[in-house]
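A.B. asks: pasting the sequence and the predicted model now:
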Amino acid sequence: MYLTKDEERIYDGEMGWAYQVSMRILVKLGELYGARRLIPVESAHISGVSYKTVGDAAIDFLKALVESGGKVRVKATINPSGVDYNYAFFRALPEDLLERQREIIDLYEMMGVDAVLTCTPYYVEPPSCGAHVAWAESSAVVYANSIIGAWTNREGGPSALASALIGKTPDYGLHQPENRQPTILVRVEANLGSEADYGALGIHLGKILGDRIPLIQGLHGANETCLKQMGAAMATSGMTPMFHMNEYGAEHNKSLEKIAVEDRDLVRVYEELSTSDEKPDLVFIGCPHCSFDEIKLVSKLIEGRRIREDIRLWVCTSRFIRGKAEDYVRLIESAGGRVVCGTCAVVTWLKNFGIKTVMTNSAKTAYYVQLLDGVKASLSPISECINVACE
Ligand code: F3S
């Protein structure tokens, strides 16, 4: 891989260990995937923030970077943590979890990272269309590539952090136009209604596609929330980093391998993901973190009603969106719901809250809470989730 004189000096350690180890991570990745050079990135989004998922090894690594003077060189943001410190029920988590989580966030901030603590950083500040970025968080990667038109590989936490410190990424994969073309045509013949249906479609497609890029036809009338749910779910059960969509019959689609999706495929996903028909302990909306419009929708669905005493409602988003949607947040909270920021049902310690069953409109959450926390789940559209949560 070709390195400039400056990049070589960083590689050799002249700028200190933090930059050296970052450069070595990027060069290793580049060599592995056949990159010829590094290219500048506009921003980096880093996963690996919740202490629940990263543990003590991450703290040691972050500390070492800070101690050797590591500072980010481009705009860098981080994913949700395990705690919203503004709520007493989160502050009642064991002291050591709270302290270590705080330490992780502080260490990122010491390196100049913007602690937005959200998996939807594109609502805070979207990357430019056509910009090269280095983003981790699989749902944000699909969104950035497919909906915004930014260019990113599916980074891991360490490589996104390395890119933040160096300001560059190896030039391979989705940074090259020829690798962004669809390689399979998906005809959706199933009836799609709610955002949960789109999530179920995403889970089904992720399993079939692996890391292939689909051209999806038949997504008539899908809104932004539906596409966000579909993309997040595709990246949950598979490695797909982006999708294209258009209408049936476009000329250039003829040579692609074709698959069809039918109603029964979605029914199967609903059956797999819905392992409980009991009353849930938690109704969770906000995976990926809610947009302004989703917060508004939740408040409209709740208006004039109250959340049941025996069910918790969490609506998760970023502090940024919460601030913009103040009036709707007030309505949700006065009805007994909680608009939780900087965390989510998957990356916090659900069991510490005594939660055994979760009802959600997110296929990604329904998939992960069973896998990571061993709790039961059910997948339903947002309107049904709110109906169950309300008296
Ligand atoms: Fe975001 Fe948590 Fe879902 S980090 S994408 S809300 S699992």
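C.D. replies: Happy to help now that I have it.

A.B. asks: going by C-alpha atoms from here, please, whenever you check contacts or count neighbours.
C.D. replies: Noted.

A.B. asks: which residues touch residue 74?
C.D. replies: 41-44, 164-165, 167 (C-alpha atoms under 8 Å, 6 or more residues apart in numbering).

A.B. asks: would you mind measuring from it to residue 297?
C.D. replies: Computed as C-alpha to C-alpha, to the nearest Å, the residue 74 to residue 297 distance reads 35 Å.

A.B. asks: ok, residue 63 touching residue 107?
C.D. replies: Yes - between residue 63 and residue 107 there is a contact under C-alpha atoms under 8 Å: 6.6 Å.

A.B. asks: contacts only, for the nearest residue to residue 231 once chain neighbours are set aside.
C.D. replies: Of all residues not flanking residue 231 in the chain, residue 142 sits nearest, at 5.8 Å (C-alpha to C-alpha, 6 or more residues apart in numbering). With contacts defined as C-alpha under 8 Å, 6+ apart, residue 142 is in contact with 231-232, 235, 240-243.

A.B. asks: would you list these in TSV and tack on pLDDT, neighbour count and distance to residue 135?
C.D. replies: Converted to TSV, the contacts of residue 142 look like this (pLDDT from 0 to 100; neighbours: other C-alpha atoms under 10 Å; distance: C-alpha to C-alpha, whole Å):
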residue	pLDDT	neighbour count	distance to residue 135
231	98	31	15
232	98	32	14
235	97	28	14
240	95	28	14
241	97	29	11
242	97	31	13
243	96	22	16
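
A.B. asks: inside helices: which ones of these?
C.D. replies: Within those, residues falling in helices by DSSP state H are 231-232, 235.

A.B. asks: which of these sits closest to the ligand?
C.D. replies: The closest of the ones in helices among the contacts of residue 142 to the ligand turns out to be residue 232 (C-alpha to the nearest ligand atom; 6.7 Å).

A.B. asks: need the contact list for the closest one.
C.D. replies: Here residue 232 is in contact with 138-140, 142-143, 199, 202, 288, 364 (C-alpha under 8 Å, 6+ apart).

A.B. asks: next, residue 268: secondary structure please.
C.D. replies: Assigned state for residue 268: helix (three-state reduction, DSSP: H, G, I helix; E, B strand; the rest coil).

A.B. asks: ok, it to residue 327 distance?
C.D. replies: Relative to residue 327, and taking C-alpha to C-alpha, residue 268 is found at 39 Å.

A.B. asks: swap in residue 22?
C.D. replies: In this view, residue 22 and residue 327 are 43 Å apart by C-alpha to C-alpha.

A.B. asks: now do the contacts for the closest residue to residue 263 other than its chain neighbours.
C.D. replies: What sits nearest to residue 263 in space, not counting adjacent residues and going by C-alpha to C-alpha, 6+ apart, is residue 190, at 4.3 Å. Contact analysis of residue 190 by C-alpha under 8 Å, 6+ apart lists 261-264, 266.

A.B. asks: now swap in residue 64 and tell me
C.D. replies: Taking C-alpha under 8 Å, 6+ apart as the definition, contacts of residue 64 comprise residue 18.

A.B. asks: and it, that's in a helix?
C.D. replies: Yes - assignment of residue 64 by three-state DSSP places it within a helix.

A.B. asks: measure it to the ligand for me?
C.D. replies: 25 Å (C-alpha to the nearest ligand atom, to the nearest Å).

A.B. asks: begin at 41 from here
C.D. replies: With the count now opening at 41, the last piece we talked about shows up as residue 104.
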